[in-house]
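# with the sequence up front, the predicted model follows.
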Amino acid sequence: MTDQGSRIKIAIQKSGRLTDRSLELLERCGLKYSRGRDQLIGFGENMPVDILLVRDDDIPGLVRDEVCDFGIVGLNVLEERRLQFLAEGRDQAFRVVRALDYGHCHLAFGYPEDGPVQSLAGLQGRRIATSYPRIVQDFLQREGIEAQVIEFSGAVEIAPGLGRADVICDLVSTGATLAANRLREGETILESQAILIRTVREVPAAKAEWVTRLLQRIDGVMQVRESKYVMMNAPVSALAEIARLLPGADAPTVIPLEGRGDKVAVHVVCRENVFWETLENLKLVGASSLLVLPVEKMLP
Ligand code: PRT
Ligand code: ZN
């Protein structure tokens, strides 16, 4: 596993909001790694996969330049970089593989509570502070609004208070930061979450097998998050009704119960969470001895 040409490199955020969940995802795919002394690389010990720990803003470029085969980054960063690369004449810099369902937030306007601008209609000719100038400019252009976009690399929410902008456009998750700065949340221009990207070119043949395995494992990890294994006893006559009641269920396994006449054991994987109401409804159609178990791993 020392041949660099056959090792898959994945760029993730070094220290920030996406770091823990990204490492957890790779660990749940079975990856065991040791960190180098500089802490910038996690060397895979049991799979030919290495992790590069970098600033999130650098991840799209590392994948575009094929320094890394994969990257995990917020859609907000990805979209901002995509527009930048497009302006530089590179329309295909990376491919989106999967939305990973963590790191959820949205890019929205924030209007000073007692300011003159309270909606898109008032933006014409105003100053907008943001860390995502290209996404905002792109949105304004599509809406036919002419406004001055001022780039801030951080602390965007204090720009109106400093007199540097009339309005902001920033990431929001709980809304607490906007409220603390007396800003009212306005229109959302982008819904974001962590995204897995890969190089435009196919990986070399030496890596292909492990790439396939890794992607399958990522799918498996994502599927089991909500999946449940449900077991119950039930009358044969209730099988159709049971299948209808179970959310996202695969074809159930039906096992005869020794000496129990028309009763069978039903085992089924549900790809959505199973709530108490569902169990109560199953009981109403004749099911008994209901058991719901979490699913640890899954491979289609
Ligand atoms: O050092 P590096 O450049 O790698 O990190 P960073 O500081 O640029 O990014 P980081 O770690 O703050 O966020 C990484 C990614 O997490 C972002 O690109 C988003 O995709 C995602 N994410 C999810 C968020 C938030 N939620 C979030 N709430 N990124 C930032 N915020 C900030 C927001 O900018 C604002 O300041 O949190 C504040 C608002 O939060 P609420 O809860 O008060 O609304
Ligand atoms: Zn960043």
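Great, that's in hand. Ligands and ions are numbered 1, 2, ... in the order given.

# contacting residues for the closest residue to residue 263 other than its chain neighbours?
Counting by C-beta to C-beta, 6 or more residues apart in numbering, residue 263 lies nearest to residue 257, which is 5.0 Å off, once chain neighbours are set aside. For glycine as for every other residue, the C-beta is placed from the backbone atoms N, C-alpha and C. For residue 257, the contact set (C-beta atoms under 8 Å, 6 or more residues apart in numbering) comprises 233, 263, 264, 265.

# so for residue 257, what pLDDT did the model give?
With respect to pLDDT, residue 257 scores 91.

# again with the one 10 residues further on
The predicted structure scores residue 267 at 96 on the pLDDT scale.

# am I right that it is in contact with residue 229?
Yes: using C-beta atoms under 8 Å as the test, residue 267 is close enough to residue 229 to be in contact (7.1 Å).

# of the two, who's got more company?
residue 229 (17 against 14; other C-beta atoms under 10 Å).

# does that one sit in a helix, a strand or a coil?
strand (DSSP: H, G, I helix; E, B strand; the rest coil).

# identify the bridge partners of it.
residue 269, residue 293 (DSSP bridges).

# near ligand 2, from the contacts of residue 257?
Of the residues in the contacts of residue 257, proximity to ligand 2 by C-beta under 5 Å from the ion holds for none.

# what is the nearest of the residues you listed to residue 9?
residue 265 (46.9 Å; C-beta to C-beta).

# next one: phi and psi at the closest residue to the closest one other than its chain neighbours?
Sequence neighbours aside, residue 255 is the residue nearest to residue 265 in space, at 4.3 Å (criterion: C-beta to C-beta, 6+ apart). Phi and psi for residue 255, reported as degrees, to the nearest 10, are phi -120, psi 130.

# show me what contacts residue 255?
Shown in contact with residue 255 (C-beta under 8 Å, 6+ apart): 264, 265, 266, 267.

# in a strand, the last one, correct?
Yes: membership of residue 267 in a strand is supported by three-state DSSP.

# okay, the residue nearest to it when sequence neighbours are not counted and residue 240: tell me how far apart.
What sits nearest to residue 267 in space, not counting adjacent residues and going by C-beta to C-beta, 6+ apart, is residue 253, at 4.4 Å. Residue 253 is 16 Å from residue 240, where distance means C-beta to C-beta, to the nearest Å.

# next one: residue 98
Computed as C-beta to C-beta, the residue 98 to residue 240 distance reads 34 Å.

# of the two, who's got more company?
Using other C-beta under 10 Å as the criterion, residue 98 and residue 240 rank with residue 98 on top: 15 against 10.

# give me the sheet partners of the host helix or strand of that one and which way each runs.
Secondary structure from DSSP states H and E places residue 98 in strand 95-99. Looking at strand 95-99 with DSSP bridges, its partner strands are strand 194-198 (antiparallel).

# which stretches of the stretch 151-300 of the chain form helices?
Counting by DSSP state H, counting those that start in this stretch, residue ranges of the helices within the stretch 151-300 of the chain are 176-180, 205-226, 239-245, 276-284.

# near ligand 2, which residues of the stretch 51-200 of the chain?
The stretch 51-200 of the chain has residues 56, 57 near ligand 2, with proximity defined as C-beta under 5 Å from the ion.

# can you name the residue of the stretch 51-200 of the chain nearest to ligand 1?
Among the residues of the stretch 51-200 of the chain, residue 74 lies closest to ligand 1, at 2.1 Å counting by C-beta to the nearest ligand atom.

# OK, contacts around the residue nearest to residue 115 when sequence neighbours are not counted?
Closest residue to residue 115 apart from its sequence neighbours, by C-beta to C-beta, 6+ apart: residue 166 at 6.5 Å. Residues near residue 166 by C-beta under 8 Å, 6+ apart: 112, 115, 116, 117, 126, 127, 128, 160.

# how near is residue 166 to residue 184?
Noted for residue 166: a distance of 13 Å to residue 184, by C-beta to C-beta.

# what residues are shared contacts of those two?
Joint contacts of residue 166 and residue 184 (C-beta under 8 Å, 6+ apart) are residue 112.
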